[in-house]
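Undergrad: This is the structure alone, sequence omitted:
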């Protein structure tokens, strides 16, 4: 046990003291913090002058033409730095449309809108034409579309004798959510940001497990390949057994992963509180997260230890790791459905697939939905069985493959190692 501790201690220290690890640890919070702090500078500015966008419209109705002019004039009055130059022409023969299209191609227009049919009724179409639209004008073209739609809707209200502003004031209902506390008179207002934060909690827990298991597990392969190629592995095996070396590496890197998860988790929680978001995390959820992380990391790292021991380069491990990585990625892809249906068929099936079990179960437990305790117990038993079987197989392969160099052993040879006592 002392030798395993020494190997784990060495693996932990050698990993966390490197500059690349420290930079990688700070990289994600630094990026997120920069986005939060400098977000206003990254967003599009509305106070920058823009050349007027030239728009021509052919309208089948003088009343509709007048409404379009009124809507565009109102917009230009409110946005003098990004105005729209409007030219409304009564719809006539096809020559009018062809002339507008020709002006588009020659750069005399930026957009052309042809209003067709009975738009003041319930039918009709607005056809919008552009020619090699500039990326800087895409936002303005979207504004043109919105204004034309508003003009048509306003005209439809008028033809039916309805007051649009009055109807909008009637339909405007203020809704305020409040979250009750444990005390009788304790409650706090819950805005959209608070609801979004609550919705993202299951994904945050699953992502932390994913980073801890997959992100740190990759160090297992690189560590083994590096020590194997430099022949340091032979020196280590002169002092410890292959099983002690593998176990120590797994324990050391598990501690590294736990450190990373704790750092990101605390940073995320502190950032949420700084933004005024209330996130309630129970101690039982943290305990479950720790248990599932440790078991999941042992499972994944044992697989990587076995794979790394039979390979000589990182490139060789990639093809062998692809099937396992696909299973780990499935919960990341399917998380919206898993969070929406934590007791659904897909969530329950993946809960008993050992590589996916840690992430799926922590997502289900953090979703706020009641999960039957029996399911948690069974998932832990299945995961433990998977861990024991994987560690046993990985130890067999690691014992022989770690000292092999040159050509990678084939499946038959690896099966023969598994059958050996």
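TA: All right, it came through fine. These figures come from a predicted structure and were not determined experimentally. Residues are numbered from 1 along each chain as shown.

Undergrad: show me what contacts residue 84?
TA: Residue 84 makes contact with 52-53, 55, 72, 75-76, 140, 143-144, 147, according to CB atoms under 8 Å, 6 or more residues apart in numbering. To be clear about C-beta, it is placed using only N, CA and C from the backbone, and glycine gets the same treatment.

Undergrad: And the strands in the stretch 151-300 of the chain?
TA: Taking DSSP state E, counting those that start in this stretch, the strands of the stretch 151-300 of the chain run over residues 177-180, 187-190.

Undergrad: swap in the stretch 1-150 of the chain?
TA: Along the stretch 1-150 of the chain, the stretches classed as strands by DSSP E, counting those that start in this stretch are 53-59, 84-90, 111-116, 125-129.

Undergrad: by how many degrees do the second one and strand 111-116 diverge?
TA: Just to be clear, that refers to strand 84-90. Per axes from the mean of the first three to the mean of the last three CA atoms, to 10 degrees, the angle that strand 84-90 makes with strand 111-116 is 30 degrees.

Undergrad: Buried by neighbour count: which residues of strand 84-90 qualify?
TA: In terms of neighbour count (16 or more other CB atoms under 10 Å), strand 84-90 has its buried residues at 84, 86, 88-89.

Undergrad: how about a markdown table for the strands of the stretch 1-150 of the chain, with mean pLDDT and distance to residue 19 added?
TA: Output for those, formatted as a markdown table (pLDDT from 0 to 100; distance: least, CB to CB, whole Å):
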| stretch | mean pLDDT | distance to residue 19 |
| --- | --- | --- |
| strand 53-59 | 90 | 50 |
| strand 84-90 | 88 | 53 |
| strand 111-116 | 90 | 53 |
| strand 125-129 | 90 | 54 |
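
Undergrad: Rebuild these as CSV, extending it with distance to residue 360.
TA: Below are the strands of the stretch 1-150 of the chain laid out as CSV (distance: least, CB to CB, whole Å):
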stretch, distance to residue 360
strand 53-59, 50
strand 84-90, 51
strand 111-116, 49
strand 125-129, 46
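
Undergrad: which of those sits most buried?
TA: strand 53-59 (a mean of 22; mean count of other CB atoms under 10 Å).

Undergrad: before we move on, the earlier item: out of the buried residues of strand 84-90, which is nearest to residue 355?
TA: Distance to residue 355 across the buried residues of strand 84-90 (CB to CB) is lowest for residue 84, with 55.8 Å.

Undergrad: how much distance is there from the longest helix along the chain to the middle of the chain?
TA: With DSSP state H setting the assignment, residue counts place helix 242-274 as the longest helix in the chain. Mean C-alpha position of helix 242-274 versus that of the full chain (CA atoms, centre = their mean, to the nearest Å) differs by 21 Å.

Undergrad: oh, and call the first residue 13 from now on, that's how I've got it
TA: Taking 13 as the first residue, the last one we looked at is helix 254-286.

Undergrad: Buried residues, that helix. List them.
TA: Judged by neighbour count using 16+ other CB under 10 Å, the buried positions of helix 254-286 are 254, 256-273, 276-277, 279-280, 284.

Undergrad: What are the boundaries of the helices in the stretch 13-162 of the chain?
TA: In the stretch 13-162 of the chain, the helices defined using DSSP state H, counting those that start in this stretch lie at 14-28, 31-54, 74-90, 106-117, 150-171.

Undergrad: so how far is stretch 321-336 from its chain's centroid?
TA: 26 Å.

Undergrad: who's in contact with that stretch?
TA: Contacts to stretch 321-336, defined as CB under 8 Å, 6+ apart, come from residues 233-234, 236-237, 240-241, 312, 315-316, 319-320, 367, 409-410, 412-414, 416-418, 420-421, 426.

Undergrad: ok, now which ones touch residue 261?
TA: Contacts of residue 261 (CB under 8 Å, 6+ apart): 19-20, 23, 232, 235-236, 313, 317.

Undergrad: farthest-separated two in those residues?
TA: Spanning the widest gap among these are 20 and 236, at 14.8 Å by CB to CB.

Undergrad: More neighbours: which of those two?
TA: Shown here are residue 20 and residue 236; by other CB atoms under 10 Å, residue 236 has more neighbours (25 against 21).

Undergrad: Quick check: the more buried one touching residue 313?
TA: No. Applying CB atoms under 8 Å as the test, residue 236 and residue 313 come out as separate, 10.4 Å apart.

Undergrad: mind checking how far residue 107 is from residue 99?
TA: Relative to residue 99, residue 107 is positioned 16 Å away (CB to CB, to the nearest Å).

Undergrad: so is residue 416 in a helix, a strand, or just coil?
TA: With DSSP: H, G, I helix; E, B strand; the rest coil as the basis, residue 416 sits in coil.

Undergrad: May I have the phi/psi pair for it?
TA: phi -90, psi 140 (degrees, to the nearest 10).

Undergrad: on that earlier part again, counting neighbours, which of the contacts of stretch 321-336 end up buried?
TA: Using 16+ other CB under 10 Å, the buried members of those are 233, 236-237, 240, 312, 315-316, 319-320, 367, 409-410, 412-414, 421, 426.

Undergrad: Report the residue spans of the stretch 13-162 of the chain with pLDDT below the cut-off.
TA: Counting by pLDDT under 70, the stretch 13-162 of the chain contains low-confidence ranges at 40, 44-45, 47-60, 104-106.

Undergrad: Low-confidence regions, the stretch 313-433 of the chain specifically.
TA: The stretch 313-433 of the chain contains residues with pLDDT under 70 at 418-419, 433.

Undergrad: if we can go back for a sec, out of the helices of the stretch 13-162 of the chain, which gets nearest to residue 378?
TA: Closest to residue 378 of those, according to CB to CB: helix 31-54, at 20.1 Å.

Undergrad: What residues sit buried inside the helix or strand residue 425 falls within?
TA: Assessed by DSSP states H and E, residue 425 sits inside helix 423-431. For helix 423-431, burial by neighbour count (16+ other CB under 10 Å) applies to 426, 429.
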